[in-house]
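S.K.: coords below, sequence missing:
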């Protein structure tokens, strides 16, 4: 994963998925994206190591994108943009 120091824009929607285990982080992200407007930006934080695989795979399925990601001290952070309709 890549590490970025830039903070998420103020308009990001936080998803605190810390402590949830596979497959819950990916399922919660899928649910949030399904109900979101095109272009919505989510700030996803999770601690399950499998999310590093599951969430990028989910993005390939849905067509949404990970704009930034980082992993530090067991915390995975994804900046996910909902694709245009």
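M.R.: Yep, it's here. Everything numeric here is computed off the predicted structure, so don't read it as measured data.

S.K.: wait, residue 14 touches residue 45, no?
M.R.: Yes. Using C-beta atoms under 8 Å, residue 14 is in contact with residue 45, at 7.5 Å. The C-beta positions use only the backbone N, C-alpha and C, and glycine is treated the same way.

S.K.: compare these two (neighbour count), which wins?
M.R.: residue 45 (15 against 10; other C-beta atoms under 10 Å).

S.K.: hang on, the more buried one in a helix?
M.R.: No. With DSSP: H, G, I helix; E, B strand; the rest coil as the criterion, residue 45 is located in strand rather than a helix.

S.K.: do I have it right that it meets residue 75?
M.R.: Yes. Contact criterion C-beta under 8 Å: residue 45 and residue 75 qualify, at 6.3 Å.

S.K.: what touches both of these two?
M.R.: Jointly contacting residue 45 and residue 75 under the rule C-beta atoms under 8 Å, 6 or more residues apart in numbering are residue 18.

S.K.: not counting sequence-adjacent ones, nearest residue to residue 24?
M.R.: In space, and not counting its chain neighbours, residue 24 is closest to residue 17: 7.2 Å by C-beta to C-beta, 6 or more residues apart in numbering.

S.K.: right, and the one you found touches residue 44 too?
M.R.: Yes. Residue 17 sits in contact with residue 44 when judged by C-beta under 8 Å, with a separation of 6.3 Å.
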